[in-house]
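Q: sequence and predicted structure below; questions after.
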Amino acid sequence: MSRVGKNSVTIPAGVEVQISPSEIVAKGKFGEQRIAVSNQVSVQRAENQLTVVPIDKSKMARTHWGTYRSLVNNLVKGVSEGFTVNLEINGVGYRAAVQGNELILQLGFSHEVKFAIPEGITIKCEKPTALSIHGASKQVVGQVASKIRGFRPPEPYKGKGIRYEKEYILRKEGKKK
């Protein structure tokens, strides 16, 4: 039985939620997000609370229960607060800069890596070695961060590359004589 699905989702002030049998639409200061709802669960609203309830006691309905509660929570949180992922760049000469709608990375290759910033995502470079990715959709923010990290993942010997802010890199010992 889902422990996550039992919790209700609180709707903060400034967020409008519209529920239909097939989808949920939330509007807030960071834009509008929508998700399709499975026919195995129903979403009910009571004042400023959203509750996800399984349709019946089938295994499929119980598996969707906690998943859709998390999706609804991320939907509401995304339009009210947004999601942020911070990346750090380590390495001599490695740096990043935002120019217009493009992120330009210098990662030790013979060329610059240019990454087009998707719509709905903002990337800030406070320092040339620090990136902050912000957006309303948790999935899109995580996907963009993963794609940027994939250009030069951290290597285990010197730790050079792009890593998440709190990521720990297991370091290996170098070759011995």
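A: Done, it's in.
Q: list the residues that contact G14.
A: G28, K29, S80 (C-beta atoms under 8 Å, 6 or more residues apart in numbering). In short, each C-beta sits where N, CA and C put it, glycine included.
Q: swap that for Y157, please
A: Residues near Y157 by C-beta under 8 Å, 6+ apart: R171, K172, G174.
Q: quick check: the closest residue to the second one other than its chain neighbours vs G150, distance?
A: I take that to be K172. Of all residues not flanking K172 in the chain, P156 sits nearest, at 4.5 Å (C-beta to C-beta, 6 or more residues apart in numbering). Per C-beta to C-beta, to the nearest Å, P156 is found 16 Å from G150.
Q: these two: who's more crowded?
A: Shown here are P156 and G150; by other C-beta atoms under 10 Å, P156 has more neighbours (12 against 9).
Q: is the more buried one in contact with Y168, as I believe?
A: No. Between P156 and Y168 there is no contact under C-beta atoms under 8 Å: 11.3 Å.
Q: so where's this structure uncertain?
A: Along the chain, segments meeting pLDDT under 70 span 1-2.
Q: wait, what's in contact with the residue found closest to P54 once you drop the neighbours it is linked to in the chain?
A: Once flanking residues are discounted, P54 sits nearest to A61: 3.8 Å by C-beta to C-beta, 6+ apart. A61 sits next to Q40, V41, P54, I55 when contact means C-beta under 8 Å, 6+ apart.
Q: now the one residue sitting closest to the centre of the chain: phi and psi?
A: Central residue of the chain (C-alpha atoms, centre = their mean): K138, 2.8 Å from the mean position. Main-chain dihedrals, K138, degrees, to the nearest 10: phi -60, psi -40.
Q: kindly report the same for S146.
A: According to degrees, to the nearest 10, S146 has phi -70, psi -40.
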